[in-house]
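Novice: structure of the sequence below:
(chains A and B)
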Amino acid sequence: NAGVTQTPKFQVLKTGQSMTLQCAQDMNHNSMYWYRQDPGMGLRLIYYSASEGTTDKGEVPNGYNVSRLNKREFSLRLESAAPSQTSVYFCASSHTPGTANTDTQYFGPGTRLTVL
Amino acid sequence: AQKITQTQPGMFVQEKEAVTLDCTYDTSDPSYGLFWYKQPSSGEMIFLIYQGSYDQQNATEGRYSLNFQKARKSANLVISASQLGDSAMYFCAMREPYANNNAGNMLTFGGGTRLMVKP
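Specialist: Numbers count the residues shown, from 1 in each chain, chains lettered A, B, ... in the order given. Here you go, the predicted structure:
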C-alpha cells in the first residue's frame, strides 16, 4: 500500500518548456488535488478533482492544466513553464466530503520543480 | 483576510518537554474541519490530527492533542514529551464546507511554525 505517489521527484526546466507531473493513489479515494508550496509558505490549491471525470480550479490555476485519467491517477501539466512556477508541487487524495467519516487529505512526497 | 494564522514562525523546546503550537482561524460557517500536518526536512506532508467543529471533545492522537477553543477560534497543537524527531515545520489547515467555495474540499493553510527540539 504505497498511498500517494508522485513522479518525478525533481525537475529542472527552461522557460517555455512543458512537462507533466504524475500522481497516483491506491487508497480508493474519489477526490484528488494538486497544491504548490512556495518557499516559507503553506500550500495553495491549484486544481482539484472531486471524482473521476471532473476537475475544477482552485486558488492559483493560471498556467496549469490537469487530467483525471482514471480513479487512481491525476496529472498536472505546465504547457509553457515560467520562473514564477518554481515551487514544490504536492498531490493529495481524500474521500469525497460527506461520504465518509473522514475526508482527511493524504499527500504524496512532492515534486521539486525549478524553472530557469 | 487571512483565514489561518500561525503567529510563531519558529520555536525551540527541550527534549522530553511539552510544547504548544498556536493556530487561530477565521470562518463564519458553523461547520468546518481543522487539521495539523508535519513537514520534516525531507519535505513530505504528514497528517497528524483532525478536529471537527462539532466534535465535543478535543482530538488526541498519541503524543499529539488539539486544544480546541471554539469561541476563541483557536486550535492549538500540543506535543507532549518532545523528541528530536519532532523537529519539523508544522502547518495548521482549515477545511470549510465544500458548498462555500468552488474548490470542494480545499484546505487553507497557515504559514507554518518551525519547531526545533534541543537535546
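Novice: okay, which residue is most central for chain A?
Specialist: Closest to where the C-alpha atoms of chain A average out (Cα atoms, centre = their mean) is A:Trp34, at 2.5 Å.
Novice: shouldn't that one be in contact with A:Ile46?
Specialist: Yes - between A:Trp34 and A:Ile46 there is a contact under Cβ atoms under 8 Å: 4.4 Å. Glycine gets a C-beta too; all of them are placed from N, C-alpha and C.
Novice: need the overlap of contacts for these two.
Specialist: A:Gly58, A:Tyr64, A:Val66, A:Leu76, A:Tyr89 (Cβ atoms under 8 Å, 6 or more residues apart in numbering or on different chains).
Novice: can I get those residues in CSV including neighbour count?
Specialist: Converted to CSV, the shared contacts of A:Trp34 and A:Ile46 look like this (neighbours: other Cβ atoms under 10 Å in any protein chain shown):
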residue, neighbour count
A:Gly58, 21
A:Tyr64, 19
A:Val66, 24
A:Leu76, 22
A:Tyr89, 23
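Novice: out of the residues you listed, which comes closest to B:Ser87?
Specialist: Among those, A:Tyr89 lies closest to B:Ser87 (Cβ to Cβ), at 24.3 Å.
Novice: am I right that that closest one is in a strand?
Specialist: Yes - under DSSP: H, G, I helix; E, B strand; the rest coil, A:Tyr89 sits within a strand.
Novice: how about the residues of chain A by chain B?
Specialist: Counting by Cβ under 8 Å from any Cβ of the partner chain, the positions of chain A adjacent to chain B are A:31, A:33, A:40-45, A:48, A:50, A:56-59, A:88, A:90, A:92, A:94, A:96-98, A:102-110, A:112.
Novice: burial of whichever residue of chain A sits closest to chain B, as a residue count?
Specialist: In chain A, the residue that lies nearest chain B is A:Gly42 (2.9 Å; Cβ to the nearest Cβ). Neighbourhood size, A:Gly42 [other Cβ atoms under 10 Å in any protein chain shown]: 21.
Novice: go on, B:Ser80?
Specialist: 13.
Novice: now A:Gly108
Specialist: Per other Cβ under 10 Å, the neighbour tally for A:Gly108 reads 25.
Novice: would you confirm that it contacts A:Gln22?
Specialist: No - taking contacts as Cβ under 8 Å, A:Gly108 lies outside contact range of A:Gln22: 9.8 Å.
Novice: bridging residues for A:Arg44?
Specialist: A:Arg36 (DSSP bridges).
Novice: quick one, what contacts it?
Specialist: Contacts of A:Arg44 (Cβ under 8 Å, 6+ apart): A:Tyr35, A:Arg36, A:Gln37, A:Asp38, A:Gly58, A:Glu59, A:Val60, B:Phe109.
Novice: list just the nearest of these to B:Ser42.
Specialist: A:Gln37 (13.7 Å).
Novice: the closest one contacts A:Ala92, correct?
Specialist: No - between A:Gln37 and A:Ala92 there is no contact under Cβ under 8 Å: 11.6 Å.
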